[in-house]
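Enquirer: got a sequence here, can you build the structure:
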Amino acid sequence: MPEKYLDFTLTISKPSDGSWVAELRSPAGEVQPVKLETDLGALLAELDSHPYWYGEDLDWTRKMGTRLFDACFCKEFLSRYDSSLVMAAEHQGLRIRLVLRDPDLHRLPWELIYDPRPGGGYANLSSRTPVLRYLELGRPLLPLKVKPPLRILAMIASPQGHRKLNISAEKLRLEQALAEAVSFGLVELAWVDGQTIQDLQTSLSQKACHIFHFIGHSRYNRASAEAEFVFADARNLAEIIPASMLTPLLNDSRSLRLVTLNSCEGAFFSSQPFSSAAAFMVNQGIPAVIAMQQAFADELAVEFTRVFYTALGMGKPVEACLAEAHKALFVLSQDADWAIPALYTHTLDGDLFSFGEQPAAGLILSRALSAIVEIFAGGQLRGIGFVIDSAGHILTTEYTLNAPGEIGVVVQGLRSPAGQLGILPNENLALLKSDILSKSRINLADNALPGPGETIYLIGRNPQTGLEMFHGQVVGPGKLNVYPACELLKVSLNVSRSLGGAPAFDRMGRFVGMVVMMYAEDDQVNTAYLIPARSLAALLPELGYGGKG
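Expert: Okay, the predicted model is just below:
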């Protein structure tokens, strides 16, 4: 997942002559305003005939996404887009920022943009090409310096006279969705004690929060041309709170950087500028708002919350977090409702928070520490390895066992003998078996390789202090003469000791490989070479591994 983005900013407007005009700022150059070939009015009419687009089949979804792509990338816009992708490919992603100066355009599901060319697909299903709706306000914001966890203030409002929400069930769903992120120390969840606007004001004044998560009802008042929220009053009857009343309360909390609106019509636009709740809040100074374009199924809401907030707690840009959540929803969904969440922002980049050198990734990796074993051969500490299944199979380097005497392992202070099942000297791999118990194991699933420039984390052993975590940047694919046929990944590290056998993880806490070699002769900086997870999984049968047991 990219940690930085280049900006592909497409501005679409509607001059007085009724035509649709677009201009571009991109890494590959600018394009001055030109008339679009696509009639966006026809797309709006198509959408009006399919108001429940999120339930349409995939064929309709792809066709609409293709028409939106054709609208954005006609004429020389397409060549600029392709060139920008190439420029961003090596170290960064390409952020597609849509500046929609005609309010009607916000009704279109731009999150469905679909590139029909080979190798294309939905832009928003890749963290390398996220789509966001950018509001030009001229008030750039710096990331807020925070120390994890991110603090989420959540509120449920379900007064009488509106569709009744099961408050206990809604709370449980959100708490379960965040349970893993809370246990890793990534986020902290607090609830507003009550359902009134006064209850919210009290909670905001008592403790600083970074994120406000609202579950309830909202609507668009066509008479006042303003978004409204349904709170409760002291008698639990509905009290309608316009966005112009709610936003100042939120905006006065200087630590608040994100609002998530899990409510109907949070992203609804009329013909008036900033008529949606999301756009209005951003226009009034909230850095970023996630809003739902339509009603959202409970199952999808839980998965969205889990993936999005976990990634955000890792210090990732908000648009990258949303792309990860879209992908997770796409797997669960049978139609287009994965694209319901939309991002509105006026930040110059998606870094809402600044975590410093080692953000919450260090906390999420704490779970892996219980799967790390220290390996002794001939009575001396030789290195480390890690448990790969509940039967006690341990993966390490062949070099670690290159000493006479019995082999033993220690995990969390418990010592146990271990037997050698197999070795692959040419790959510097060894497989052990022990009866030692570990409540955790490292998953060798076929995870994608991190790209150049991305940060990864390694758990190694410091001879003085014991197990600790190191971090470095991916250089790219690696090649060594001692591993002529082996796929390797090269990582630049600031480490003065060997990390053979150390597992490596990306910033989402996913296992990406194991260190098998350090300090090749031609390296000018400290370097580690990893065998990627997918290669390790493929080599296990050669080590004599037949699965658990």
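Enquirer: list the beta-bridge partners for G472.
Expert: Using DSSP bridges, the bridge partners assigned to G472 are I456, L493.
Enquirer: run a quick neighbour tally on it.
Expert: For G472, the count of nearby residues is 19 (other Cβ atoms under 10 Å). The C-beta positions use only the backbone N, C-alpha and C, and glycine is treated the same way.
Enquirer: check G119 too.
Expert: Neighbourhood size, G119 [other Cβ under 10 Å]: 5.
Enquirer: surely it forms part of a helix?
Expert: No - when the secondary structure is assigned by DSSP: H, G, I helix; E, B strand; the rest coil, G119 falls in coil instead of a helix.
Enquirer: got a list of what P541 touches?
Expert: P541 sits next to no residue when contact means Cβ atoms under 8 Å, 6 or more residues apart in numbering.
Enquirer: and what about it, helix, strand or coil?
Expert: For P541, the secondary-structure state derived from three-state DSSP is helix.
Enquirer: tell me how far it lies from G392.
Expert: In this view, P541 and G392 are 18 Å apart by Cβ to Cβ, to the nearest Å.
Enquirer: can you check Q92 too?
Expert: With Cβ to Cβ as the criterion, Q92 and G392 are 42 Å apart.
Enquirer: and those two? Which one has more around it.
Expert: Neighbours per residue, other Cβ under 10 Å: of Q92 and G392, the larger number sits with G392, 22 against 18.
Enquirer: for that one, which non-adjacent residue is closest in space?
Expert: Using Cβ to Cβ, 6 or more residues apart in numbering and skipping residues adjacent in sequence, the residue nearest G392 is S434, 4.6 Å away.
Enquirer: quick one: contacts for the one you found?
Expert: Listed by Cβ under 8 Å, 6+ apart, the contact partners of S434 are 373, 392, 394, 409, 416-419.
Enquirer: try it again with 10 Å
Expert: Listed by Cβ atoms under 10 Å, 6 or more residues apart in numbering, the contact partners of S434 are 373, 375, 385, 387, 391-394, 407-409, 411, 415-419.
Enquirer: got the phi and psi for A325?
Expert: Taking degrees, to the nearest 10, you get phi -70, psi -40 for the backbone angles of A325.
Enquirer: number of residues surrounding it?
Expert: A325 is flanked by 24 other residues according to other Cβ under 10 Å.
Enquirer: my guess is it meets A342, correct?
Expert: No - A325 sits out of contact with A342 when judged by Cβ atoms under 10 Å, with a separation of 11.6 Å.
Enquirer: overlap of the contact sets of these two?
Expert: The contact lists of A325 and A342 share I290, where a contact means Cβ under 10 Å, 6+ apart.
Enquirer: any idea which element M245 lies in?
Expert: Using DSSP states H and E, the secondary-structure element containing M245 is helix 243-251.
Enquirer: ok, and what's touching that helix?
Expert: Residues external to helix 243-251 that are found in contact with it (Cβ under 10 Å, 6+ apart): 153, 197, 200-201, 204-205, 209, 212, 214, 218, 220-221, 224, 226-229, 231, 241, 256, 259, 266, 274-287, 289.
Enquirer: listing partners with orientation, what would you give for the helix or strand following it?
Expert: Reading on from helix 243-251 to the C-terminus, the next helix or strand found by DSSP H and E is strand 258-262. Sheet pairing of strand 258-262 (DSSP bridges) gives strand 211-215 (parallel), strand 288-292 (parallel).
Enquirer: now do the first one and helix 243-251, the angle between them.
Expert: Note on geometry: by axes from the mean of the first three to the mean of the last three Cα atoms, to 10 degrees, strand 211-215 and helix 243-251 are set 140 degrees apart in direction.
Enquirer: quick one: pLDDT of the residue nearest to Y122 when sequence neighbours are not counted?
Expert: Here the nearest residue to Y122 in space, its sequence neighbours aside, is Y114; by Cβ to Cβ, 6+ apart that works out to 5.3 Å. Model confidence at Y114, expressed as pLDDT, equals 96.
Enquirer: likewise Y134?
Expert: Per-residue confidence for Y134 comes out at a pLDDT of 89.
Enquirer: bridging residues for it?
Expert: Under the criterion DSSP bridges, Y134 forms beta bridges with T345.
Enquirer: tell me how far it lies from E76.
Expert: With the distance defined as Cβ to Cβ, Y134 ends up 21 Å from E76.
Enquirer: ok, those two, which is more surrounded?
Expert: Relative neighbour count places Y134 above the other of Y134 and E76, with 22 against 13, counting by other Cβ under 10 Å.
Enquirer: doesn't P287 make contact with that one?
Expert: No - in this structure Y134 lies outside contact range of P287 using Cβ under 10 Å: 11.9 Å.
Enquirer: so what sits against both of these two?
Expert: Shared between the contact lists of Y134 and P287 (criterion: Cβ under 10 Å, 6+ apart) are residues 344-347.
Enquirer: if you rank these by neighbours, which is first?
Expert: Y344 (28 neighbours).
Enquirer: OK, contacts around it?
Expert: 106, 132-135, 259, 261, 266-267, 274, 276-283, 286-291.
Enquirer: can you select the buried ones among those residues for me in ChimeraX?
Expert: Isolation of the buried members of these (16 or more other Cβ atoms under 10 Å) is achieved in ChimeraX through the command below:
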select :106,132,133,134,135,259,261,266,267,274,276,277,278,279,280,281,282,283,286,287,288,289,290,291
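Enquirer: just the element for the spatially most central residue of the chain, please.
Expert: When the chain is reduced to its mean C-alpha position, the nearest residue by Cα atoms, centre = their mean turns out to be C321, at 2.7 Å. According to DSSP H and E, C321 maps onto helix 318-332.
Enquirer: got the angle between that helix and strand 288-292?
Expert: Angle between the axes of helix 318-332 and strand 288-292 is 20 degrees (criterion: the same axes, to 10 degrees).
Enquirer: off-centre distance for helix 318-332?
Expert: Computed by Cα atoms, centre = their mean, to the nearest Å, the chain-centroid distance of helix 318-332 equals 7 Å.
Enquirer: how is the chain divided into domains?
Expert: Partitioning the chain according to automatic domain parsing yields domains covering residues 5-134, 144-359, 363-434, 455-543.
Enquirer: which residues in this protein form helices?
Expert: If you assign secondary structure with DSSP state H, the helices in the chain sit at 40-48, 58-72, 76-89, 167-183, 197-206, 243-251, 277-283, 298-313, 318-332, 361-364, 366-369, 533-539.
Enquirer: pick the most buried one from those.
Expert: Among the helices of the chain, the stretch with the highest mean neighbour count (mean count of other Cβ atoms under 10 Å) is helix 277-283, at a mean of 26.
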